[in-house]
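Novice: Sequence first, predicted model second:
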Amino acid sequence: MQDPAFNEPTRTLGPPTGGGTLDGDNTKAVTLGGFGGSITLAFDHTVRDDPHNPRGLDFIVFGNAFWSGNDPNQRWAEAATIEISLDVNNNGLADDPWYLIPGTHLPDPPAVWQQQTWDDNTSDNTFPPAFDSWIPPGETGVWQTFAFRLPADPFENSIVLENPNGPFATDEGIFGYADCSPTLILGDLDADNTIDDETITPEQFYTTPDDPFTVGIDPGSGGGDAFDIAWAVDPATGEAASLYGFDFIRITNATNIILGPFGERSAEVCAVADVAPRLRLLDSPTRVIPENITRR
Ligand SMILES: [Ca+2]
Ligand SMILES: [Ca+2]
Ligand SMILES: [Ca+2]
Ligand SMILES: [Ca+2]
């Protein structure tokens, strides 16, 4: 895009910089580019499908989405699909099978596997892009990108991503995709864009997942879109992947739309976090047996 730093993939490493519910913060954002644009990231450890994680949610992807008019049922959002892969052959390379999180709107992934052809001849409008600044770094000539395309309704037809459950819904109708939910400002424990805890660290704040099934952001969560490893499926068969964890994550722009002056609709990624397991309370006795109390 216009700002070359938007294409700098190392920006996705480390914690996000939250913009809150009213605006996205782009200081750490990487744009995925047009349809099929993707980024693949590696963890230095296997992210586990850990039953101690809150609500069983194992990882969080942070983008620059925000609420339109501060209404959580109307999101400025550019959805991206999530695929995860376990380093089965233990060679440190992402050369193992990929599994898709289908989310709410990809019931039959093979039916929506699509390609987009691009070329670097911006004056010929047979293929996009139409501007030199949109050509991804390193691409020349003609190239293709691929993705599981999200349905036009609700992802492409309207500028704001509307909750299919209605304007006053409390149940979230769209989840399982990246860059749909705001990243809160560090220390804002109740999603009102004012800081409640000056001392909380990014490592604490941005590892507490929001409940993706309910509208709005849970108290204490730093926002973002949270995922359960158990949601992953083999995209060819729909069978559960049954992964105990993953080492690699691929995030792919899954909408194909060019919005006049806004340019390509492209998802942004600011960070990915392994959820912190819920801390166990101190193990201690839970009751006193009265008849056995002895005092001196
Ligand atoms: Ca899980
Ligand atoms: Ca490997
Ligand atoms: Ca607050
Ligand atoms: Ca939520």
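Specialist: Arrived safely, thanks for sending. Ligands and ions are numbered 1, 2, ... in the order given.
Novice: what does the stretch 101-250 of the chain have sitting close to ligand 3?
Specialist: Residues of the stretch 101-250 of the chain found near ligand 3 (C-beta under 5 Å from the ion) are 188, 190, 192, 194, 196. No exception for glycine: its C-beta is placed from N, CA and C like everyone else's.
Novice: one more time with 8 Å, if that's ok
Specialist: Neighbours of ligand 3 within the stretch 101-250 of the chain, by C-beta under 8 Å from the ion: 187-196.
Novice: In ChimeraX, how would I select just the buried ones from these?
Specialist: Selection of buried members from those for ChimeraX, criterion 16 or more other C-beta atoms under 10 Å:
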select :187,188,189,191,193
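Novice: Nearest to ligand 4 among the residues of the stretch 101-250 of the chain next to ligand 3?
Specialist: A191 (9.5 Å; C-beta to the ion).
Novice: ok, and the closest non-adjacent residue to that closest one?
Specialist: I217 (4.3 Å; C-beta to C-beta, 6 or more residues apart in numbering).
Novice: Could you point out which of the residues of the stretch 101-250 of the chain next to ligand 3 is nearest to P97?
Specialist: Nearest to P97 among these: A191, at 37.0 Å, using C-beta to C-beta.
Novice: mind listing what L186 touches?
Specialist: Residues near L186 by C-beta atoms under 8 Å, 6 or more residues apart in numbering: 17-18, 195, 200, 202, 205-206, 222.
Novice: Same question for it, what's its three-state structure.
Specialist: Here L186 is recorded as coil under DSSP: H, G, I helix; E, B strand; the rest coil.
Novice: Number of residues surrounding G19?
Specialist: 24 (other C-beta atoms under 10 Å).
Novice: oh, and call the first residue 348 from now on, that's how I've got it
Specialist: With the count now opening at 348, the last piece we talked about shows up as G366.
Novice: what sits against it?
Specialist: 372-373, 411, 413, 529-530, 532.
Novice: ok, which pair from these is furthest apart?
Specialist: N373 and I532, at 14.2 Å, using C-beta to C-beta across the contacts of G366.
Novice: Settle it for me: which of the two has more neighbours?
Specialist: Between N373 and I532, counted using other C-beta under 10 Å, the more crowded position is I532 (21 against 17).
Novice: circling back: do I have it right that the residue nearest to A538 meets G570?
Specialist: Yes - applying C-beta atoms under 8 Å, one finds I564 in contact with G570, separated by 5.0 Å.
Novice: who touches both of those two?
Specialist: By C-beta under 8 Å, 6+ apart, the residues touching both I564 and G570 are 528-529, 531, 538, 557.
Novice: Mind putting these into TSV with secondary structure and pLDDT?
Specialist: Output for the shared contacts of I564 and G570, formatted as TSV (DSSP: H, G, I helix; E, B strand; the rest coil; pLDDT from 0 to 100):
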residue	secondary structure	pLDDT
S528	coil	98
P529	coil	98
L531	coil	98
A538	coil	98
D557	coil	98
